[in-house]
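K.L.:
after the sequence you'll find the predicted model.
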Amino acid sequence: MQKFKQLLASRKFWAALVGLFMVIITSYVPDFPLPEDQVLALVLVVVSYILGTALEDGLTRNVTIKK
């Protein structure tokens with residue numbers, strides 16, 4: 001249950017969920033008001049955010065362990 005609570009509190013999880021939602025909604029709703037290139041740009045921003053947050057978390061843990 002603790003892992004589930006951590007997952008719901010994770011910024012990376014929610015960003016991934018938003019990206020997945022955008023991809024799914026544009027696949028199933030053909031007249032969605034965003035063009036495909038804008039959805040791709042949004043998903044790339046979400047992926048960049050996830051990677052940046054993961055890198056930040058990893059480096060923070062690495063620094064605290066060495067102290």
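P.N.:
Nice, thanks for sending it over.
K.L.:
ok, residue 59 to residue 6 distance?
P.N.:
19 Å (CB to CB, to the nearest Å). For every residue, glycine as well, the C-beta is placed using N, CA and C.
K.L.:
which element is residue 39 on?
P.N.:
helix 36-66 (DSSP states H and E).
K.L.:
next, count neighbours for residue 51.
P.N.:
Counted by other CB atoms under 10 Å, the residues lying close to residue 51 total 11.
K.L.:
then residue 44?
P.N.:
Residue 44 has 11 neighbouring residues, counting by other CB under 10 Å.
K.L.:
ok, it to residue 13 distance?
P.N.:
Where residue 13 is concerned, residue 44 sits at a distance of 18 Å (CB to CB).
K.L.:
and the helix holding residue 39, what other elements does it pack with?
P.N.:
With contacts taken as 3 or more CB pairs under 8 Å, 6 or more residues apart in numbering; DSSP states H and E, helix 36-66 sits against helix 11-28.
K.L.:
what's in contact with the helix it packs on?
P.N.:
Residues from elsewhere that reach helix 11-28 (CB atoms under 8 Å, 6 or more residues apart in numbering): 7, 32, 34, 36, 39, 42-43, 46-47, 49-50, 53-54.
K.L.:
where are the low-confidence patches of this structure?
P.N.:
For the chain, applying pLDDT under 70 flags the ranges 63-67.
K.L.:
which residue packs closest to residue 43, ignoring adjacent ones?
P.N.:
Leaving aside its chain neighbours, residue 43 sits nearest to residue 19 (4.9 Å; criterion: CB to CB, 6 or more residues apart in numbering).
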